[in-house]
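>>> here's a sequence, model it:
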Amino acid sequence: MKQFEVAIAGAGPAGAACAAALLRRAPELAGAIVLLDRARFPRDKPCGGGLTGHALDAMRALGLRLDVPRFASPRARVTLGDRQRELALPRPVVIVRRKEFDASLAAQARELGADLRECVALLDFRVRDGRVDLDTSAGPLRARILVGADGAASRVRSRLMGRGRAPLRLMRAEISGKTWGDAMLYDFSPMAQGLRGYLWVFPMPGERLNVGLMHSPTAPGPALMDMLRRRLAGMGLTLDGELRGWPAWRYRARAPLSSPHVLLVGDAAGIDALTGEGIAVGMEQAMVAADTIVAARQSGDLRFVGYTRAIRRATVGRELALDGLLARLLYGRGWARWARLVLSDPTLLELYAARVAGTTVLADRKRELLFALGRSLLRASSA
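I've put the predicted structure just below:
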């Protein structure tokens, strides 16, 4: 049985980015990293497909090419009932099809030296005697380090954190959108009907639209599907594409993301609770994971005791923690008040637009954010 230095379960953006980061930092690992995925690329992945500034910056840092069809959206429109704001983004958000994007990243990881094995699922694993024994659908494998990048249904996550009910649900479809324009829509209006999240409409390559919603479960799946159809119909859009739903875990700062010889990245580690963003989150976490692995190999200590703290202190962890707080405000019991406050304050929206564009780290501007919230509260109290 061949022993690999690193086995990465899941070859989506987080897994492929982790392999790329390791091979950039330690080229001698070429051929010693195995990248497993249960699917064969190209495969579809339900997702909004938006590459924010942080995702694009991560790709540049990793030397990864964006070589698939894409649509650059320069504007965002935010609505809540009859309230509407439109913002020019400091940098466009680039929208791709995950089927094409993920296949490209996996292929680039292979070019760099990762052993990409498609149609191979991780079934179980055991850590013993300084190694990780993996049971896969293609037979046993062995590695010194296992990276769980295997999504919301991650077997690695369930071993580290136990099984539970995923707290977020996302639904997505692709439809015709010849007359839509170039603006991304973030629509919070369905919150009045019970949604605890937002509906999106993103322009795509080929005069298509990526439509969907993110929800902190308080309504069943069929009700969410009906909500999405009715809201789109009100915009003159027909949900004629296949609607797919999937669960997701929100990032929790204190949740364990590692154990001896094992790390989590990407959806398995948790996505953004406010926006549902996972691509940039996974790629940024992957770079922290790669740095942690390189340092651990040099020291010989593969317990990874500082990894969870390293993620929490990194830009990605600080942004996720802040968005978790904002999500509790916007999607909690007092959602109506907070949503109106945010939409009424241009400073708040501009700050978040800059964060999406990747031109600012919102976690570094908490004081400015709190002052803006305070101004909004005072204006609301005066009114």
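>>> C-alpha only now, for contacts and for neighbours.
Noted.
>>> what is the least confident helix or strand in the protein?
One helix or strand of the chain scores below all others by mean pLDDT, DSSP states H and E: helix 366-382, with a mean of 73.
>>> who does that helix touch, helix- and strand-wise?
Where contact means 3 or more C-alpha pairs under 8 Å, 6 or more residues apart in numbering; DSSP states H and E, helix 366-382 is packed against helix 335-344, helix 346-357.
>>> how near is P260 to A296?
For P260, the distance to A296 (C-alpha to C-alpha, to the nearest Å) stands at 11 Å.
>>> cool, and G181?
From G181 over to A296 (counting by C-alpha to C-alpha), the distance is 49 Å.
>>> what about L237, which SS state?
Counting by DSSP: H, G, I helix; E, B strand; the rest coil, the backbone at L237 sits in coil.
>>> pull the contacting residues for M1.
140-142 (C-alpha atoms under 8 Å, 6 or more residues apart in numbering).
>>> that one and R117, how far apart?
16 Å.
>>> just S299 next, same as before
Note on S299: its distance to R117, by C-alpha to C-alpha, is 29 Å.
>>> more neighbours: which of these two?
Each of S299 and R117 has its neighbours counted (other C-alpha atoms under 10 Å); R117 has more, 19 against 9.
>>> right, and that one touches F41 too?
No - with contact defined as C-alpha atoms under 8 Å, R117 does not reach F41; the gap is 10.3 Å.
>>> circling back: now do the shared contacts for P260 and A296.
Common neighbours of P260 and A296 (C-alpha under 8 Å, 6+ apart) are 302, 304.
>>> show me what L87 is bridged to.
With DSSP bridges as the criterion, L87 is bridged to A76.
>>> contact partners for it?
75-77, 349-350, 353.
>>> just put those in a markdown table and tack on distance to A286.
Output for those, formatted as a markdown table (distance: C-alpha to C-alpha, whole Å):
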| residue | distance to A286 |
| --- | --- |
| R75 | 29 |
| A76 | 28 |
| R77 | 31 |
| L349 | 29 |
| E350 | 28 |
| A353 | 24 |
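>>> list just the nearest of those residues to T275.
A353 (12.2 Å; C-alpha to C-alpha).
>>> please tell me how far the closest one sits from S344.
Noted for A353: a distance of 15 Å to S344, by C-alpha to C-alpha.
>>> kindly report the same for A30.
On the measure of C-alpha to C-alpha, A30 and S344 end up 52 Å apart.
>>> what is the helix or strand hosting Q298 packed up against?
In this structure, Q298 sits in helix 279-299 according to DSSP states H and E. Under the contact criterion of 3+ C-alpha pairs under 8 Å, 6+ apart, helix 279-299 touches helix 13-25, helix 53-62, helix 307-313, helix 315-330.
>>> between those helices, which gets nearest to E111?
Using C-alpha to C-alpha, those put helix 13-25 closest to E111, at 9.4 Å.
>>> G130: how many residues sit nearby?
Neighbours around G130, by other C-alpha under 10 Å: 13.
>>> that'll do, ta.
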